[in-house]
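Undergrad: Model the structure of this input:
(chains A, B, C and D)
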Number of protein chains: 2
Amino acid sequence: MSRTAPTVALNRTDKPPRKAAQNERIYEDMFAAILEQRLAPGTKLSEDTLGEIFGVSRTVIRTVLQRLAHERIVQIHPNRGAFVSEPTPDEAHEVLQARRLIEEGIVRMAVRNQTPTGIRDLRRSVSAERQSLDKGNHEAWVRLSGDFHLKLAVIAGNETLAAYVKELVSRTSLIIVQYQKGNLSPCSCAEHTDIIEAIEGGNEEQAVALMQAHLQACEDQLNLSDTEPKADLYSIFSKPSVKSGEVA
Amino acid sequence: MSRTAPTVALNRTDKPPRKAAQNERIYEDMFAAILEQRLAPGTKLSEDTLGEIFGVSRTVIRTVLQRLAHERIVQIHPNRGAFVSEPTPDEAHEVLQARRLIEEGIVRMAVRNQTPTGIRDLRRSVSAERQSLDKGNHEAWVRLSGDFHLKLAVIAGNETLAAYVKELVSRTSLIIVQYQKGNLSPCSCAEHTDIIEAIEGGNEEQAVALMQAHLQACEDQLNLSDTEPKADLYSIFSKPSVKSGEVA
DNA sequence: TAAAAAATTATTGTATACAAAATAAATAAA
DNA sequence: TTTATTTATTTTGTATACAATAATTTTTTA
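TA: Down below sits the predicted model:
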């Protein structure tokens, strides 16, 4: 029963909450656990196990898993179970392409829609980002790095697009885990700062160009050419039946 | 029990299916029922009732409703139930704005990615659209009109963006139901045809301009200025407590 | 020993039962 | 008659039980 159990502590608050928004809390916890890489891509997410961990029945776990699946962070294989998504190289390219398109629009809208409060919030986000990088807190950095893009989307003032950006940023985190070349990418704080300044200065075209370059740099840092190491090992030793066809 | 029951026939096929992908079928049926306006915005979607109609338990209905809610076609109010979405004017503007942004990108990608088969498929879609319009089959026309944009997104070759377009097209249908000024909008078949020809001719900028104009025209045909008639009636007669605060 | 088949175990899919919340109805007070 | 309050009913939220499917182990056979 505890074979597929992630040994990581998932639930931050163990106090029995007054019923309401229970699944929301569990969703947040699992979302964070995946994005902060405490749950690696490919990990099986057993309903029973998660139910025990969070002290609820499978019913509510199921709801959360379905939500995460719709956001593409989790992949559900019928009759097989839910797994943390393992994005393919194609998917990775798609996500970054979608981000270049949508975030170009976000930047343009942010230039028109900006407020001093919003800009201050962005700067605070970047400084938190730099701090976590200095401390070597990789997990926090990944999260905060995404926060910048989320905040920008909020400033732009279109909730629908902001929701898409949230999804795409999450998926990007998973992609980076799987495909980043070097150990740690050269800090993108400077790029974020440059974007803020272009926006603040009302220089729309420059802000757009900077964002495009930033996202392109992000994709260029990935190693999307060859397949993942696991399958490689098998093909290297020329074993006939590769068993890792779970998440195609 | 049958008070909130939609009297419309929702299930096309009553034969007991061999278990698999049962919720998928129910999802498709409900999706179509909403988009073809057999289920009007604001309609309560009772779990018990739907369960009886489709011959399944609330469990599977719940799954479907949650999926539709994630796609913003249905709105779930905690402890109150699920309702067909009634998009606000703000939301309507957001959706059309998002479409202008995303479908501009779609058009550009479609120009680069086009194939003769794809173009033929598009033309077939438009001709089906025109036929249903000639026949006065409004429901079919709404659906086919959206199909054009969906097919274009598929040609563009980015599944993530295609999924977003699908969502936005669905929401647009709901918006049109609520806010379209005249009874029937001037046929957009011509505009669709023009877009196809610009794409086929490789004229990217023109194709983009046509798409932008098309979507702007769609928004311009809406009456987003004043609130919906229901609330107006109450305010006209200056009754104090308006009870229609369901879907804010 | 190795491969195939059968039986066992575990896990997901679905239905049902019960608890909590919200709505509707009925009664009481102004 | 209208408004408040209480009671009853309906409906959603959650847990649990059972069925169906997939994974694992054991047994059989070559």
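
Undergrad: Please look at A:Glu47 and A:Thr59 and confirm they touch.
TA: No. A:Glu47 is not in contact with A:Thr59 according to CB atoms under 8 Å; the separation is 9.2 Å. All C-beta atoms are positioned from the backbone trio N, CA, C, and that covers glycine.

Undergrad: okay, those two: which has more neighbours?
TA: Just comparing A:Glu47 and A:Thr59: by other CB atoms under 10 Å in any protein chain shown the higher neighbour count belongs to A:Glu47, 17 against 12.

Undergrad: which residues in chain A form helices?
TA: A:22-35, A:47-54, A:58-70, A:89-113, A:116-134, A:138-156, A:159-179, A:189-200, A:204-220, A:229-236 (DSSP state H).

Undergrad: so what's the spatially most central residue of chain A up against?
TA: By CA atoms, centre = their mean, the mean C-alpha position of chain A lies nearest to A:Ser170, the distance being 2.1 Å. Counting by CB atoms under 8 Å, 6 or more residues apart in numbering or on different chains, A:Ser170 makes contact with A:31, A:34-35, A:71-73, A:146.

Undergrad: For B:Leu224, state which of these is nearest.
TA: A:Glu71 (29.3 Å; CB to CB).

Undergrad: Quick one: neighbours of the residue lying closest to the closest one once chain neighbours are set aside, just the number.
TA: The shortest distance from A:Glu71 to any non-neighbouring residue, by CB to CB, 6 or more residues apart in numbering or on different chains, is to A:Glu167 (5.3 Å). The tally of other residues near A:Glu167 (other CB under 10 Å) stands at 19.

Undergrad: And A:Glu167, how close does it get to B:Glu94?
TA: 16 Å (CB to CB, to the nearest Å).

Undergrad: And for A:Val169?
TA: Distance, A:Val169 to B:Glu94, using CB to CB: 19 Å.

Undergrad: related to what we said a few turns ago, for the residue nearest to the centre of chain A, give its distance to DNA strand C.
TA: According to CB to the nearest atom of the strand, to the nearest Å, A:Ser170 stands 22 Å off from DNA strand C.

Undergrad: Just the pLDDT at the closest residue to A:Glu204 other than its chain neighbours, thanks.
TA: Residue nearest to A:Glu204 in three dimensions, not counting chain neighbours: A:Val111, with 4.7 Å by CB to CB, 6+ apart. With respect to pLDDT, A:Val111 scores 98.

Undergrad: One more: A:Ile102?
TA: Predicted confidence (pLDDT) for A:Ile102: 98.

Undergrad: ok, A:Asn79 - how many residues close by?
TA: Count around A:Asn79 with other CB under 10 Å applied: 7.

Undergrad: Any figure for the gap between it and A:Asn137?
TA: According to CB to CB, A:Asn79 stands 40 Å off from A:Asn137.

Undergrad: what about the closest residue to DNA strand C within chain A, how many neighbours?
TA: Using CB to the nearest atom of the strand, the single residue of chain A nearest to DNA strand C is A:Gly81, 3.4 Å away. By the other CB under 10 Å criterion, the neighbourhood of A:Gly81 contains 15 residues.

Undergrad: Surely it and A:Ser46 touch.
TA: Yes. At 6.7 Å, A:Gly81 counts as touching A:Ser46 under the criterion of CB under 8 Å.

Undergrad: For the residue of chain A found nearest DNA strand D, which non-adjacent residue is closest in space?
TA: Across chain A, the shortest distance to DNA strand D (CB to the nearest atom of the strand) belongs to A:Ser57, at 3.1 Å. Excluding the flanking residues, the one nearest A:Ser57 by CB to CB, 6+ apart is A:Gly51, at 5.7 Å.
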